[in-house]
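Visitor: Just need the structure, nothing else, for what follows:
(one chain, ligands or ions: 1)
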Amino acid sequence: MDDDDDDVPQLSAHTLAALQEFYLEQQQREGTKTSQGFNQYSVGSIEENWQLSQFWYSDETASCLANEAIVAAGKGGRIACVSAPSVYQKLKERDDKDFSVVILEYDRRFSVYGEEFIFYDYNNPLNLPENLLPHSFDIVIADPPYLSEECLQKTAETIRYLTKGKILLCTGAVMEEQAAKHLSVKICKFIPKHSRNLANEFRCYTNYASGLD
Ligand SMILES: C[S@@+](CC[C@H](N)C(=O)[O-])C[C@H]1O[C@@H](n2cnc3c(N)ncnc32)[C@H](O)[C@@H]1O
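Guide: Below you'll find the model as predicted:
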């Protein structure tokens, strides 16, 4: 007689207990979030994964950047958030239908946002869906995952492809020169804050007269 069970990989009792504990903690975290008034667009509703260089903005900073995007995009404007999911979430939290927004992200957990989610890997900066037409966004907001010129240069290719003109870049203060070189953006007075303290100083850069100065 064929015993299929022989082929099923078995977890040790110890691994199984650790797994159960993990899922229980996860359920408790989700439950706490719901009871604290989190909704599907709350910043932090999808937890940071440091392996993907994810550091979410504070709620206040995400709101400031979302407001800036709306003003810069204008009535009926189109906004693209490139590797900046908190700004996308803040925009979606607003009960304002006078703009549209898409999220370009590497982390597929954000695909819960349906058609507005576009898978994006900065290593293939122009590998984008055909319906994402060149120069079709009134403003592009981007926060590249790494503080390297290579990452900035490739992300800049995507930004230049998508934008009609306006660019809002958030990255380390150390990237000021490279940001000017690849995107002709200037540093703003506004200091973005994160939900956790980061070792690196972060700044915003724009190529237009923004409300962040
Ligand atoms: C420094 S975080 C910026 C997040 C921003 N502070 C926020 O709160 O929305 C970098 C972002 O890049 C994304 N990312 C990681 N690897 C990527 C890749 N290969 N291509 C594009 N984006 C990537 C991360 O998932 C993360 O959302």
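Visitor: Would you mind naming what in this protein lies close to the ligand?
Guide: 52-57, 83-87, 105-107, 120-123, 143, 145 (Cβ under 6 Å from any ligand atom). For the C-beta atoms, the positions are set from N, CA and C on the backbone; glycine is no exception.
Visitor: Kindly recompute the last result at 5 Å.
Guide: Taking Cβ under 5 Å from any ligand atom as the contact definition, the chain meets the ligand at 52-54, 56-57, 83-86, 106-107, 121-122, 143, 145.
Visitor: Most widely separated two among those?
Guide: Among these, the pair separated by the greatest distance (Cβ to Cβ) is Tyr57 and Asp121, at 21.8 Å.
Visitor: who's more crowded, those two?
Guide: Tyr57 (26 against 13; other Cβ atoms under 10 Å).
Visitor: list the contacts for that one?
Guide: Tyr57 sits next to 43, 65, 86-87, 192-195 when contact means Cβ atoms under 8 Å, 6 or more residues apart in numbering.
Visitor: and if we set it to 6 Å?
Guide: By Cβ atoms under 6 Å, 6 or more residues apart in numbering, the contact list for Tyr57 reads 86, 194.
Visitor: what separates it from Cys170, distance-wise?
Guide: Look at Tyr57 and Cys170: by Cβ to Cβ, to the nearest Å, they are 8 Å apart.
Visitor: now the residues of the chain next to the ligand: which count as buried?
Guide: Neighbour counting with 16 or more other Cβ atoms under 10 Å marks 54, 56-57, 83-86, 107, 122, 143, 145 as buried within the residues of the chain next to the ligand.
Visitor: Do I have it right that Glu68 meets Gly211?
Guide: Yes. Contact between Glu68 and Gly211 holds when scored by Cβ atoms under 6 Å: they sit 5.4 Å apart.
Visitor: Look through this protein and tell me its longest strand.
Guide: Scanning the chain for the strand with the most residues, using DSSP state E, yields strand 163-172.
Visitor: for that strand, what is the average pLDDT?
Guide: Averaged across strand 163-172, the pLDDT comes to 98.
Visitor: now the helices for this protein?
Guide: Along the chain, the segments classed as helices by DSSP state H run 13-35, 59-73, 85-93, 149-162, 176-183.
Visitor: The closest residue to Ile118 other than its chain neighbours: what's it in contact with?
Guide: Excluding its sequence neighbours, the residue lying closest to Ile118 (Cβ to Cβ, 6 or more residues apart in numbering) is Leu104, at 4.8 Å. Under the criterion of Cβ under 6 Å, 6+ apart, the neighbours of Leu104 are 82, 118, 120.
Visitor: Just these: which are in strands?
Guide: Short answer: the contacts of Leu104 in strands (DSSP E) are 82, 118.
Visitor: from the contacts of Leu104, which is closest to the ligand?
Guide: The ligand has its nearest neighbour among these in Tyr120, at 5.2 Å by Cβ to the nearest ligand atom.
Visitor: still on that earlier bit, worst average pLDDT in the helices of the chain?
Guide: Here the lowest mean pLDDT among these goes to helix 13-35, at a mean of 58.
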